[in-house]
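**Student:** one predicted model, sequence on top.
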Amino acid sequence: MHGSDVLRAVSLVRTAFADVADDGWDRPAGTLSWTCWETMEHTADDLFAYAGQIAAEDSPRDSYVPFVYRALREGGPPNTIFVERKGGTLALLRALEACGAMLAGVVDAAPPARRGWHPYGVSDPEGFAAMGVVEVLVHAWDVADTVERPWNPPAQLCRAVLDRLFPGVPDRLPAHDDPWQVLLWATGRIELPGHATPTTWRWDGRPLAERG
């Protein structure tokens, strides 16, 4: 996957949620303990953090880059990136796009051999692009019902994420040919006929060629 995939995912979110009222973000995001605002801040923060993991020539192989992060309330997401709440919807979505552009730029500029740490596997630039996309797509789903906006990202983008981060999952679900539904199942969001919602899950960020 490439920087353009990250930009596409972020652009879809901006279009889908552009008309959410400024005061429409403070309810819980689906089944999460975070508000919709906190969930989208967390998504922007993920994109920023992923960019940091592969930006340096000597990117860490055993930890995150040591940016300072904190939670603003007990139970809230620990972030480096926070958005001024008074800025409303426009500020929130601009921050998301800005962090997405940072990740996209780093992904496309980094040499393919560069590696960076993630708890789900030391990964390459394409892997961090895929991680950024899955964060955007799935957390937008967490928010969508609460803010009453439809959210159904393109099958091609979902399939690319599955192929990179969840190889083998579609083969385990041969009766389910909708990549978006399979991605939601793989990330513990929904159940599918004959397949209960996973209670634990993780992707594999390692480059495909480096897996045993």
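**Tutor:** That came through, no problem. Numbers count the residues shown, from 1 in each chain.
**Student:** which other helices and strands contact the helix or strand of the chain with the lowest mean pLDDT?
**Tutor:** Every helix and strand of the chain was ranked by mean pLDDT, DSSP states H and E. The lowest is helix 169-172, at a mean of 87. Applying 3 or more CB pairs under 8 Å, 6 or more residues apart in numbering; DSSP states H and E, we find helix 169-172 packed against helix 179-186. No exception for glycine: its C-beta is placed from N, CA and C like everyone else's.
**Student:** and for the least confident helix or strand of the chain, what's in contact with it?
**Tutor:** Helix 169-172 is contacted from outside by 162, 176, 179, 182, 186, using CB atoms under 8 Å, 6 or more residues apart in numbering.
**Student:** send me it as PDB with only the CA atoms.
**Tutor:** In PDB, the C-alpha atoms belonging to helix 169-172 read as follows (Å, rounded to 0.1, in the frame of the first residue of the first chain):
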ATOM      1  CA  VAL A 169      -8.500 -14.200   7.000                       C
ATOM      2  CA  PRO A 170     -10.700 -14.000   3.900                       C
ATOM      3  CA  ASP A 171      -9.800 -17.600   3.200                       C
ATOM      4  CA  ARG A 172     -11.300 -18.500   6.600                       C
END
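**Student:** next, the buried residues of that helix.
**Tutor:** Judged by neighbour count (16 or more other CB atoms under 10 Å), helix 169-172 contains these buried residues: 169-170.
**Student:** just stretch 130-148 next, same as before
**Tutor:** Going by 16+ other CB under 10 Å, stretch 130-148 has these buried residues: 130-144, 146-147.
**Student:** which of those fall within helices?
**Tutor:** Of the buried residues of stretch 130-148, the ones assigned to helices by DSSP state H are 130-144, 146-147.
**Student:** surely residue 25 touches residue 92?
**Tutor:** Yes - the pair residue 25 / residue 92 is scored as a contact, 6.9 Å apart, by CB atoms under 8 Å.
**Student:** what is in contact with these two at once?
**Tutor:** The contact sets of residue 25 and residue 92 overlap at 37, 40 (CB under 8 Å, 6+ apart).
**Student:** run through who's touching stretch 63-75.
**Tutor:** Stretch 63-75 has contacts (CB under 8 Å, 6+ apart) with 33-34, 45, 49, 52-53, 55-56, 59, 77-80, 82, 117.
**Student:** pull the distance from it to the chain's centre.
**Tutor:** Computed by CA atoms, centre = their mean, to the nearest Å, the chain-centroid distance of stretch 63-75 equals 17 Å.
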